[in-house]
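1. from the sequence below, what's the structure:
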Amino acid sequence: MDLLELLPLDELSHGLANLSMFPYFDMAHYIVSIMALREQPGVLEVSRVSPLACWFSSMLFCFGGAVLSAIMLAEPVVAPLSNSTGVLLASITWYLVFYCPMDLVYCCSALLPLRLVLSVMKEVTRTWKVLGGVTLAHSKYKDSLLVMIAIGWAKGAGGGLIRNFEQLVRGVWKPETNELLKMSYPTKITLIGAVLFALQQTRYLPLQTHHLMLIYTVFTVVNKSRMMLTGSSSSPFAAIESAVYKTLFAGHSPYDALTGEVQKACVDQRTTATAGAKEIGENGAAGKTTPVSRVKGQSGSLKAKDKSENADTTNCKKIN
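-> Model prediction:
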């Protein structure tokens with residue numbers, strides 16, 4: 001990757017790597033996260049009924065990645081809240097987004113130009129969160145590639161991964177919204193970033209850290225801008241995902257033959273049962289007099305029995 005060092009992009013990558021996230025980029029992350037929470041169904045009602053539950057949900061949206069990574073690394077869950085400045089800034093943002101007079105903060109932030117700028121800044125913070133998680137896991141588990149990917153993924157997309165718990169805080173239980181069942185674009189792009197940075201940290205990817213940061217940040221920023229400007233929610237990886245799924249997970253199963261035999265047997269049984277029912281129906285339609293004749297036969301036998309009993313009685317009387 002000496003080519004990147006020769007280009008002017010090397011200076012840009014160093015400048016990006018030395019960029020401070022506090023306070024402007026962190027504030028953009030808080031605003032976009034809390035706005036995403038506010039746009040969830042029923043959240044405005046919860047904010048009026050229980051401001052504490054609304055505040056707690058907002059903090060999970062803002063610091064969910066740090067909380068989830070702390071749980072996975074067996075660290076104190078409240079450690080992310082020890083950053084009093086960050087919590088205070090997030091709390092002020094929460095109050096302004098939900099309770100500002102005339103809803104000025106939310107209405108202004110929802111304007112497309114400003115929201116585009118805030119979303120781009122949030123994508124920049126995603127790079128630092130993923131890299132921070134991978135670096136933290138690498139310092140504790142040197143050669144564990146899977147752990148580094150997991151911690152980097154949790155650090156960058158923890159707010160979405162613990163969404164079910166955040167919903168429980170608001171009294172909502174929707175297990176079908178689990179990110180592992182249907183991953184959203186932020187979760188996917190964060191997982192890809194975690195894989196790339198983990199490979200780079202373990203020297204499997206021959207790139208400098210600041211070069212990979214620049215490439216990943218530019219990709220996420222450009223793609224997020226495209227999605228917002230075009231109003232499209234389609235993932236750029238849709239074609240690749242479809243090809244991989246059809247190749248690896250939608251092939252012929254070794255149990256297809258057995259399944260086909262079972263299905264064939266069920267079909268044969270169904271056909272036999274249908275034919276039997278049809279035959280019985282036809283016989284019933286053709287022999288409607290059968291029950292009547294049976295009744296007549298029974299009545300004839302009863303009459304014969306009565307006659308024999310009467311004859312016996314008469315003989316007894318004669319004998320007496």
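2. hey, where'd the helices end up in the stretch 51-200 of the chain?
-> 51-72, 84-99, 104-109, 112-140, 145-161, 163-169, 185-201 (DSSP state H, counting those that start in this stretch).
3. what is the least confident helix or strand in this protein?
-> The least trusted helix or strand in the chain, going by mean pLDDT, DSSP states H and E, turns out to be helix 290-319, with a mean of 45.
4. ok, the closest residue to Leu9 other than its chain neighbours - contacts?
-> Closest residue in space to Leu9, ignoring its immediate chain neighbours: Leu214 at 6.6 Å, by C-beta to C-beta, 6 or more residues apart in numbering. C-betas here are computed from N, CA, C, even on glycine. Residues near Leu214 by C-beta atoms under 8 Å, 6 or more residues apart in numbering: 9, 12-13, 16-17.
5. list only buried entries from these.
-> Applying 16 or more other C-beta atoms under 10 Å to these, the neighbour count classes 9, 13, 16-17 as buried.
6. could you dump the residues you listed to a markdown table with secondary structure?
-> What follows is these, written out as a markdown table (DSSP: H, G, I helix; E, B strand; the rest coil):
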| residue | secondary structure |
| --- | --- |
| Leu9 | helix |
| Ser13 | helix |
| Leu16 | helix |
| Ala17 | helix |
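7. mind putting these into TSV with pLDDT and distance to Ala154?
-> Shown next, in TSV, are the buried ones among the contacts of Leu214 (pLDDT from 0 to 100; distance: C-beta to C-beta, whole Å):
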residue	pLDDT	distance to Ala154
Leu9	79	30
Ser13	88	26
Leu16	90	23
Ala17	90	22
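8. of all those residues, which two lie farthest apart?
-> The span of the buried ones among the contacts of Leu214, defined through C-beta to C-beta, is set by Leu9 and Ala17 at 12.2 Å.
9. give me phi/psi at the residue nearest to Leu9?
-> Main-chain dihedrals, Leu214, degrees, to the nearest 10: phi -70, psi -50.
10. just want to check the distance between it and Ser13.
-> 4 Å (C-beta to C-beta, to the nearest Å).
11. same check, this time on Gly152
-> Counting by C-beta to C-beta, the separation of Gly152 from Ser13 is 19 Å.
12. measure Leu207 to Leu229 for me?
-> Leu207 sits 29 Å away from Leu229, going by C-beta to C-beta.
13. hmm, I was thinking of Pro80
-> Computed as C-beta to C-beta, the Pro80 to Leu229 distance reads 33 Å.
14. between these two, who's got more neighbours?
-> Applying other C-beta atoms under 10 Å to Pro80 and Leu229 shows that Pro80 carries more neighbours, namely 21 against 10.
15. contacting residues for that one?
-> Residues in contact with Pro80 (C-beta under 8 Å, 6+ apart) are 63, 66-67, 70.
16. ok, so of those residues, who is nearest Ile189?
-> Nearest to Ile189 out of the contacts of Pro80 is Ala66 (C-beta to C-beta; 18.8 Å).
17. let's see the pLDDT reported for the closest one.
-> Looking at Ala66, its pLDDT is 94.
18. wait, doesn't it sit right on Ala157?
-> No. Counting by C-beta atoms under 8 Å, Ala66 sits too far from Ala157 to count as a contact (11.9 Å).
19. and the two? which has more neighbours close in?
-> Legend: neighbour count by other C-beta under 10 Å for Ala66 and Ala157, higher for Ala157 (28 against 23).
20. quick one: the more buried one from Thr190, how far?
-> In terms of C-beta to C-beta, Ala157 sits 4 Å off from Thr190.
21. give me the low-pLDDT residue ranges for this structure?
-> Scanning the chain with the threshold set as pLDDT under 70 gives 1-7, 251-320.
22. now do the domain split for it, please.
-> For the chain, the structural domains run 20-244, 257-271+285-319, going by automatic domain parsing.
23. please identify the deepest-packed of the ones you listed.
-> Among those, ranked by average contacts under mean count of other C-beta atoms under 10 Å, first place goes to domain 20-244 (a mean of 17).
24. now do the same end-to-end measure for that domain.
-> 38 Å (C-alpha to C-alpha, to the nearest Å).
25. pull the distance from it to the chain's centre.
-> Distance, stretch centre to chain centre, for domain 20-244: 15 Å (C-alpha atoms, centre = their mean, to the nearest Å).
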